[in-house]
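Chemist: Next one to model:
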Amino acid sequence: MHILNKIRDSLLSLNKSMCILFFIVMMIVIILRVIFRYLLSIGLVWAGEVTRYMLISIALFGASLNLINNEDVSLTFFLNKFGDKTRKMISYFNSFLMLLFLFSLLYSGYKFSLGGFNRLSPSMGVKMFWPYLIVPIATLLSIILKILTIIKDLGSDANDSTSS
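Modeler: Have a look, this model is predicted:
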C-alpha cells in the first residue's frame, strides 16, 4: 500500500507540474504577443492557438486534480442525511460512474486525436493529432489517479473497520 501511495503522490506532483508548466508557457506567449503587437507592431499569428491549447491543457489536468481531491461538483445536502456506511457506498458508486465516464472519454479522445492526423492547425501548421492528444493523456492520468485514490480509500476504510 505504501508503494501505491508513493506512485499516487508522484503522479499528483506530475499533474500539478504539468498545470504549472502549461500556465507559464501560456503567460509567456501572451506577454510576447502583447509586446510584439503593441511595441513592435508585429502580430504573432500562432500565439492565439498556442494560448488556446495551453488553456485547454490546464483545464484538463486541473480537472483531474479536483476530481482526485474530491473537489468536484457534488450535492452533499442529501448525502449528509445518510449514515457513514451508506455514504461510503454512494461514494464508491460515484467513483465507479466517474471511472466509466473517464474510460469513455479516453476512448473517444483517442479516436478523436487519431482523426487529427488528417488536419493541420490553421496558424501553426502542426498536425492536430498533437493538440488533440492532450485529452487522452490527461484522461489516462485521471483514471490512474482515481483508481489509486479508490485503493487508498478502501485501505483506509479497512483500517478503520479493523481498529473499531
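
Chemist: going forward, measure contacts between C-alpha atoms and count neighbours the same way
Modeler: Will do.

Chemist: hmm, who's touching the worst-scoring helix or strand of the chain on mean pLDDT?
Modeler: Sorting the helices and strands of the chain by mean pLDDT, DSSP states H and E puts helix 76-79 at the bottom, at a mean of 71. Applying CA atoms under 8 Å, 6 or more residues apart in numbering, the contact partners of helix 76-79 are Arg87.

Chemist: Recalculate using a threshold of 10 Å.
Modeler: Identification of contacts with helix 76-79 by CA atoms under 10 Å, 6 or more residues apart in numbering yields 86-88, 90-91.

Chemist: buried sites along it?
Modeler: Using 16 or more other CA atoms under 10 Å as the test for burial, helix 76-79 gives no buried residues.

Chemist: how far out from the middle of the chain is the following helix or strand past it?
Modeler: Per DSSP states H and E, the first helix or strand lying C-terminal to helix 76-79 is helix 84-115. With CA atoms, centre = their mean, to the nearest Å as the basis, helix 84-115 stands 13 Å off its chain's centre.
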